[in-house]
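> Predicted model, plus sequence, below.
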Amino acid sequence: MAENKGIDLSAYKDVWVFAEQRGGVITPVVFELLGKGRDLASDIGDVKLCAILLGEGLEDMTRQLFEAGADVVYTADSPLLKNYTADGYTKVISDAINEFKPEIVLYGATHIGRDLAPRIAKRVSTGLTADCTKLDIDPETKGILQTRPAFGGNLMATIKCPNHRPQMSTVRPGVMDKAPVQEGRTGEVIPVTLTLKESDIRTKIIEIVKTAKDMVSLTDAEIIVSGGAGLGDASGFELLQKFADQIGGVVGASRAAVDAGWIDHSHQVGQTGTTVKPKIYIACGISGAIQHLAGMQTSDIIIAINKSPIAPIFEVADYGIVGDLYKVIPELMEVWG
């Protein structure tokens, strides 16, 4: 990207997190971004960690953001912002960026974040690094170093944005540690200037219908039982579901299982699915392709079950069981129960 000579980089300050909410509930990735945002702000020095929150009736969500570490919460409270619209959210956040000039803005790489962030980048004439899995501060320039997988996860690329502000990233859910909650912590609320009109929003939300796949929450799960091509067919997921239900987990899947049509894409873990970081990840019949490992290898404990003793999954597993999963899992269920 060519240098934007009209920008005074020194005028930009503070780290912002887009506080995505749906139905009045802050999405989990926001708390992960606040955790990482605090680290970035500390490494830069003399800057504040801020959140920008759009919606209607924001008091309780604002409290949660302060307790998760935000020093300042910029709020835009309007019935027009109750539900996400690309037009409404893009205008309000772009206007706020132009007014308050943050040097870094982080978004979750959710459906909303991936739709919103590039629109804002275009509006405020800056760059955007998508699907980051690591963020650091360059100790010399104090600019952000944005690392993301490239070429199918076979290498990691670190990207800088030296000549434009703000520096913007979307971050994969599940790869950063959540900010610790500090009950009773408060901060400064700054309402943004709202010039949004109903005519600015070209779409109208008539109804929001949640489907079963919307209920799958891999990023929040403490235990995930995932199945791969080694299951043999779709019926194998019935066994995994019973196992997951028994131990308080959720069901995940490899890309091979999803591509075979055995389970919905919302269950997919990996480079082209969801990045997860549960306490326990149980890989059943998953060989361990690099694209899958990229999405789960930071789990606290990895248990692998596979017929092949040379399956790559065993290289990252804390515990490995070589055997037929259809024999191993029922035995585990007896012991676990």
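That came through fine.
> can you give me the strands in the stretch 201-337 of the chain?
Counting by DSSP state E, counting those that start in this stretch, the stretch 201-337 of the chain has strands at residues 223-227, 250-253, 280-284, 301-306, 319-322.
> and the closest residue to V258 other than its chain neighbours, what are its bridge partners?
Counting by C-beta to C-beta, 6 or more residues apart in numbering, V258 lies nearest to Q268, which is 4.7 Å off, once chain neighbours are set aside. Bear in mind the C-beta positions are built from the backbone N, C-alpha and C, glycine included. Beta-bridge partners for Q268, by DSSP bridges, are A253.
> so Q268 touches D259, yeah?
No - the pair Q268 / D259 is not scored as a contact, 9.1 Å apart, by C-beta atoms under 8 Å.
> In terms of neighbours, single out the busier of these two.
Between Q268 and D259, counting by other C-beta atoms under 10 Å, Q268 is the more crowded of the two (24 against 13).
> Looking at that one now. What's its pLDDT?
At Q268, the pLDDT value in this model is 91.
> any idea how far it lies from P309?
26 Å (C-beta to C-beta, to the nearest Å).
> just V47 next, same as before
Distance of V47 to P309, computed by C-beta to C-beta: 51 Å.
> For these two, work out which one has more neighbours and name it.
Higher neighbour count among V47 and P309: V47, with 19 against 9, using other C-beta under 10 Å.
> is it true that that one touches W16?
No - using C-beta under 8 Å, V47 is not in contact with W16, being 10.3 Å away.
> Contact partners for the residue nearest to the spatial centre of the chain?
Note on the chain: the residue nearest the mean C-alpha position is P173, at 1.9 Å, using C-alpha atoms, centre = their mean. Shown in contact with P173 (C-beta atoms under 8 Å, 6 or more residues apart in numbering): 27-29, 32, 108-110, 219, 274-275.
> pLDDT score assigned to the closest residue to D77 other than its chain neighbours?
Spatial nearest neighbour of D77, chain neighbours left out: L58 (5.1 Å); criterion: C-beta to C-beta, 6+ apart. Note on L58: pLDDT of 95.
> Quick check: buried residues in stretch 94-103?
94-97, 100-103 (16 or more other C-beta atoms under 10 Å).
> Pick out whichever of the residues you listed sits closest to I329.
The nearest member of the buried residues of stretch 94-103 to I329, counting by C-beta to C-beta, is P102 at 48.8 Å.
> could you measure that closest one against A244, distance?
As judged by C-beta to C-beta, P102 and A244 stand 41 Å apart.
> I figured I137 hits I144, correct?
Yes - with contact defined as C-beta under 8 Å, I137 counts as touching I144 (6.2 Å).
> what residues do the two have in common as contacts?
Residues touching both I137 and I144 (C-beta under 8 Å, 6+ apart): L40.
> Now E188. Nearest residue, chain neighbours left out?
Counting by C-beta to C-beta, 6+ apart, the residue nearest E188 is V72, at 4.8 Å.
> Tell me how this structure divides into domains.
Residue ranges for the domains of the chain, per automatic domain parsing: 9-200, 212-336.
> can you put these in TSV and add distance to I206?
Listed next are the domains of the chain as TSV, based on distance: least, C-beta to C-beta, whole Å:
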stretch	distance to I206
domain 9-200	11
domain 212-336	17
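> give the contact list for the closest residue to K48 other than its chain neighbours.
Spatial nearest neighbour of K48, excluding adjacent residues (C-beta to C-beta, 6+ apart): D71 at 4.3 Å. With contact taken as C-beta under 8 Å, 6+ apart, D71 is in contact with 48-50, 187-188.
> Same question for E56.
Contacts of E56 by C-beta under 8 Å, 6+ apart are 77-79, 81-82.
> cool, and Y89?
54, 81, 116.
> Just the ones in helices from the residues you listed, please.
L116 (DSSP state H).
> What is the nearest of the contacts of Y89 to I208?
Distances from I208 to the contacts of Y89, taken by C-beta to C-beta, are shortest for L81, at 14.7 Å.
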